[in-house]
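[1] Here is the input, now give the coordinates:
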Amino acid sequence: GSANGLSDVGLISVLSHQKLTRNRLSWYYAPPFLVLWVALFYAVVFPLYHRLPSSLSIADESRKPDQFVAERAQKLLYKYDRIGPKVVGSVANEVTTVAFLKEEVENIRTAMRTDLYDLEVDVHQPSGAYMHWQMVNMYQGVQNVAVKLTSRRSNSSSYVLVNSHFDSKPTSPGAGDDGTMVVVMLEVLRLMSISEIGFEHPIVFLFNGAEENPLEASHGFITQHKWAANCKALINLEVAGSGGRDLLFQSGPNNPWLIKYYYKNAKHPFGTTMAEEIFQSGILPSDSDFRIFRDYGQLPGLDMAQISNGYVYHTIFDNVQNVPLRSLQSSGDNALSLVRGFANASELYNPEEHTEGHAVFFDFLGLFFVYYTETTGIVLNCCIAVASLVLVGCSLLRMARESSASISQVSIWFSIILGLHVLGMILSLGLPLLMAVLYDAGDRSLTYFTHNWLVIGLFVVPAIIGQVLPLTLYYTLRPNTKISHPNHLQMSLHAHCVLLALIAIILTAISLRTPYLCMMSMLFYSGALLINLLSTLHDRGKLSGLAVYCIFDVLFIISGYLWVVTVQVLQLMPFLYFSYLFYTFLQVFFPMLGRFGHGTNPDLLIALICALGSFFALGFVAPLINMFRWPKLAHLCLGVITFIFCMIAVSDVGFPYRAKTNVMRIHFEHVRRIFYEYDGSVSLSDSGYYFDFQDRRLYYPLEDSSLNLTGMVSTSTYCDKYLMCGVPCFNHRWCKTRTKSHWLPREQEVVIPGATSLKMLSKTILPSGTVARFEFEMSGPPHMSLYVQPLDGVAVDDWSFIRNQLDEPETYSAPYQIFFAYGNDNSPLKFHIDLAKPSGDFNTPTFQLGFAASFVSYDYERDAAGLRFIADFPDYAHVMEWPTLYERYIF
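    The predicted model follows:
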């Protein structure tokens, strides 16, 4: 009898083991499971991301008073667009556009409720200087059109500042950047001036005329204008493309009440703390007036920008035809409601009492907006992390109690799974980054630049493979029969939860606000886990039920995985949010990488975004691939998908550029170089094209075109020989990359289209006997640069420019760049430089002085040879160029 009993137990054990190896869902359910999440993205996230409000027409005004009318703004945008490119110092910018703004403001004054409001206009022409990264940014007579609207019943001395800029880059009409926000502000001003809905605080509408220069007019306003000291809150309106919604990407500093008002007033909320922390980290090749108001005026506020279609940003295609009417409506709705909200903010009566703290904020698919203070965020992150860890511990205890294993064994197995999950996270980051490195090594970066969907196969799928592969191999090669496979899967999801908890605690400890992502993910998973623990779902997959359900194969399997339904239903919101969030970042970065510079592999950034997006969006989804039989087959299929996408990427489909829509940006100067020696003789006199290529592919795509680049060399060839590597780098970005730029000699001398002059007026030995003062006068086009390089044993003791570069040698070093631009005041610039020389012998060479005169706007003609050269570029190339005279002197 006992022998028969033992044999029955043995038979049950064998049958149980066989059952355990097969108690997974059939393999053919795996593809629909994965496709479901892809379908959710395209059915929910994609349309909501691109959703815009219906536009209002002039005919709608009677039915919807006090609402923004996009058609009126569009009519103004057509006028603005017809002016053409608006480069600082050009007639278009300094005369025509200023006249346009003054005329429109006078039209508004005519229609204004004079019984309710006062309107004051001031055309401000400041001159000044500040440090912009490594260069002195000096300006003279740039223009601001400032308009103050005041309620007659208000006596508030706190103003709300609303800012946009009306200048543009060469070649670009600037209808998007920043004409869209200029006309939005004009329409908001009109509505505020005729509305019976009053406001408490005066509103200053600042149309600044030198943002692209960079950021000069805003600096002039906030440091010099008569209204600047009264400005207590800022709404900065920018465009980083053409169309789409306004992303709130910066707030503060501090002053969490600003986000409260955004929450209450923004009709179309779109923003995230993560974007703010990324932008303020400095990794983006962009800057905005917000920083100037913040740093030089201690002015808190909101920084918002349209971010769609960044491919046309700063190109000839940034025109009114590419600005959707519904985007104007979206921006206008937000701007109008925010201006009204800020202009009635009680906090502006005593702003110093509301400065402390930061805010965590984000929108959910554009449907609603969430915000809370940083302190609340710290509490939430820590509490939810601890609660998640406790729930995971309870789950592991339950697994031990319901199985034949001890708690110590379960803890060991969980530790193994946690270690494998960490390895999976490393692989999920590493495999996409490896793909990025391989494609860059094969000169195939930016293959997704036009066809963005290529990143799915190139980076997203490898991230999924890496995340799941270690666990798949573990479950396949070392099956554990002491606890059920469903419980193993629960452990894998628990491991992800524990990892998120650790990341949240660490990032919160270093004062980041982005860990709200981890908190959100843990919150929904912990909710599902709690439901499963309180119900019987958590234990449905336990091994002890195997004999009971052995007869009912399908029923047993489904019952064992019912807890998955709870987890996945509650994962819908995190999945949708994380997909939406990282899709937003991709939409920002895809076009931006066309101007990211050639020193960094852009694919690494896109791979990282895809990997992080996969980690957060699919962290509680991807491990469930192991819920199905033959999971290695699923990995094989995913690998095949990646291979197919790789083949597509190396075909013509993967060529980054397309004419008009996804252009290759090429910046160059037609340079006439004349280098004078100390005795006045000319040691170099030539002409050529100085290229600052904007993306990773450099000039290689042009080699297959009709453009003749024969003789092109790297400027690094000249760095040891000539000042500034022998090239007139235009601003700090050009100077930063001057050692990696390129020079193409040309036979014909570049014709300089305007007069220039650099004269040494005097040389005086100061009373100390070891310092000499050199006085100069400089005149020329609206954009000029000086480069100062003392020779060995000589130092700059003083000069007439701001002293930052001299007083902070740990930050700045020679050669020093002084960038000088003027708007409406072209009077010559007089300056002096004091050089210290211990020997006191100033009859020998003392310093090198470079002088660059850049004729940027189309007020100046390009010569015939230059025009022919421009015409040879392929249609997918967008050229931004100008003639420059570069002279080098030794004094």
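[2] only C-alpha atoms for contact and neighbour calcs from this point on.
    Will do.
[3] what about the closest residue to residue 427 other than its chain neighbours, how many neighbours?
    Distance criterion Cα to Cα, 6 or more residues apart in numbering; nearest residue to residue 427, sequence neighbours excluded, is residue 466 at 4.5 Å. For residue 466, the count of nearby residues is 23 (other Cα atoms under 10 Å).
[4] Also residue 25?
    Residue 25: 17 neighbours (other Cα under 10 Å).
[5] And for residue 562?
    By other Cα under 10 Å, the residues close to residue 562 number 18.
[6] May I have the secondary structure class of residue 796?
    strand (DSSP: H, G, I helix; E, B strand; the rest coil).
[7] residues near it, how many?
    Residue 796 has 19 nearby residues by other Cα under 10 Å.
[8] circling back to that earlier point, if I read this right, the residue nearest to residue 427 contacts residue 428, doesn't it?
    Yes. Look at residue 466 against residue 428 with Cα atoms under 8 Å: they come within range, at 4.2 Å.
[9] Quick check: the gap between residue 743 and residue 712.
    For residue 743, the distance to residue 712 equals 6 Å [Cα to Cα, to the nearest Å].
[10] neighbour count winner among these two?
    The neighbour comparison of residue 743 against residue 712 (other Cα under 10 Å) goes to residue 743, with 25 against 17.
[11] now the closest residue to that one other than its chain neighbours, what's its secondary structure?
    The shortest distance from residue 743 to any non-neighbouring residue, by Cα to Cα, 6+ apart, is to residue 690 (4.8 Å). Three-state assignment for residue 690 (three-state DSSP): strand.
[12] Any idea what residue 690 is bridged to?
    Beta-bridge partners recorded for residue 690 (DSSP bridges): residue 669, residue 743.
[13] Can you report how many residues lie near it?
    26.
[14] ok, it touching residue 730?
    No. Contact criterion Cα under 8 Å: residue 690 and residue 730 do not qualify, at 10.5 Å.
[15] what about residue 154, neighbour count?
    There are 14 residues near residue 154, going by other Cα under 10 Å.
[16] And the contacts of stretch 759-766?
    771-778 (Cα atoms under 8 Å, 6 or more residues apart in numbering).
[17] now, which of those lie within strands?
    Of these, the ones assigned to strands by DSSP state E are 771-778.
[18] returning to what we had before: among the contacts of stretch 759-766, the buried ones, what's the PyMOL command?
    Typed into PyMOL, the line below selects the buried ones among the contacts of stretch 759-766, using 16 or more other Cα atoms under 10 Å:
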select buried, resi 771+772+773+774+775+776+778
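[19] Make CSV out of the contacts of stretch 759-766 and add pLDDT.
    As requested, those are exported to CSV (pLDDT from 0 to 100):
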residue, pLDDT
771, 97
772, 97
773, 98
774, 98
775, 98
776, 98
777, 98
778, 98
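[20] low-confidence ranges in the chain?
    For the chain, the stretches with pLDDT under 70 are 1-23, 284-286, 541-559.
[21] Repeat the analysis, applying 80 as the threshold.
    1-23, 280-286, 404, 479-481, 540-560 (pLDDT under 80).
[22] Can you show me the helices along the stretch 751-891 of the chain?
    Per DSSP state H, counting those that start in this stretch, the stretch 751-891 of the chain carries helices over the ranges 804-807, 864-871.
[23] Give me the distance between the last one and the centre of its chain.
    Read that as helix 864-871. In this view, helix 864-871 has its centroid 35 Å away from the chain centroid, taken as Cα atoms, centre = their mean, to the nearest Å.
[24] same check, this time on stretch 146-157
    35 Å.
[25] Contacts for it next, please.
    Here stretch 146-157 has contacts from 115-124, 189, 193, 198-208, 230, 349, using Cα under 8 Å, 6+ apart.
[26] Now do the shared contacts for residue 466 and residue 428.
    With Cα under 8 Å, 6+ apart applied, the contact sets of residue 466 and residue 428 do not overlap.
[27] Which single one of the contacts of stretch 759-766 is nearest to residue 324?
    Residue 324 lies nearest to residue 778 out of the contacts of stretch 759-766, by Cα to Cα, at 44.6 Å.
[28] My understanding was that the closest one contacts residue 828; is that so?
    Yes. Counting by Cα under 8 Å, residue 828 is a contact partner of residue 778 at 5.5 Å.
[29] what is in contact with those two at once?
    By Cα under 8 Å, 6+ apart, no residue touches both residue 778 and residue 828.
[30] what about the nearest residue in space to residue 883 that is not next to it in sequence, how many neighbours?
    Leaving aside its sequence neighbours, residue 883 sits nearest to residue 670 (Cα to Cα, 6+ apart; 4.4 Å). Counted by other Cα under 10 Å, the residues lying close to residue 670 total 28.
[31] residues contacting residue 670?
    Counting by Cα under 8 Å, 6+ apart, residue 670 touches 687-690, 750, 866, 881-884.
[32] Which two of the residues you listed have the greatest separation?
    So, these by Cα to Cα: farthest apart are 687 and 881, at 14.8 Å.
[33] How much space separates residue 208 from residue 76?
    Remark: distance between residue 208 and residue 76 (Cα to Cα) = 17 Å.
[34] Tell me which of the two has more neighbours.
    Between residue 208 and residue 76, residue 208 has the larger neighbour count (other Cα under 10 Å), namely 28 against 21.
[35] my guess is that one meets residue 168, correct?
    No. Using Cα under 8 Å, residue 208 is not in contact with residue 168, being 11.1 Å away.
[36] what about the strands in the stretch 301-450 of the chain?
    Taking DSSP state E, counting those that start in this stretch as the test, the strands found in the stretch 301-450 of the chain are 301-306, 359-364, 368-373.
[37] hang on, I meant the stretch 51-200 of the chain
    117-124, 128-132, 135-140, 144-151, 159-165.
[38] Of these, which is nearest residue 789?
    Nearest to residue 789, of those and by Cα to Cα, is strand 135-140 at 13.6 Å.
[39] what's near enough to touch the closest residue to residue 349 other than its chain neighbours?
    Distances taken as Cα to Cα, 6+ apart place residue 158 nearest to residue 349, at 6.7 Å, with adjacent residues excluded. Contacts for residue 158 (Cα under 8 Å, 6+ apart) come out as 201-202, 230-232, 348-349.
[40] What is the nearest of the residues you listed to residue 264?
    residue 348 (16.3 Å).
[41] ok so, going back, could you say which one of the strands of the stretch 301-450 of the chain comes nearest to residue 54?
    Shortest distance between residue 54 and these, using Cα to Cα, is found for strand 301-306: 16.9 Å.
[42] And the contacts of the closest one?
    233-253, 258, 290, 331.
[43] same thing with stretch 637-653?
    Taking Cα under 8 Å, 6+ apart as the rule, stretch 637-653 contacts 444, 447-448, 451, 454, 457-458, 461-462, 465, 654-655.
[44] Go through the strands of the stretch 51-200 of the chain and pick out the most buried.
    Neighbour counts (mean count of other Cα atoms under 10 Å) averaged over each of those peak at strand 159-165, with a mean of 26.
[45] what packs against it?
    When contacts are defined as 3 or more Cα pairs under 8 Å, 6 or more residues apart in numbering; DSSP states H and E, strand 159-165 packs onto helix 181-194, strand 203-208, strand 231-239, helix 325-343.
[46] Pull the distance from the second one to the chain's centre.
    Taking the mean C-alpha point of strand 203-208 and that of its whole chain, the gap between them comes to 25 Å (Cα atoms, centre = their mean).
[47] Next, the buried residues of that strand.
    203-208.
[48] what's that strand packed up against?
    For strand 203-208, the elements it packs on are strand 144-151, strand 159-165, helix 181-194, judged by 3+ Cα pairs under 8 Å, 6+ apart.
[49] Out of those, which is closest to residue 99?
    strand 144-151 (9.9 Å).
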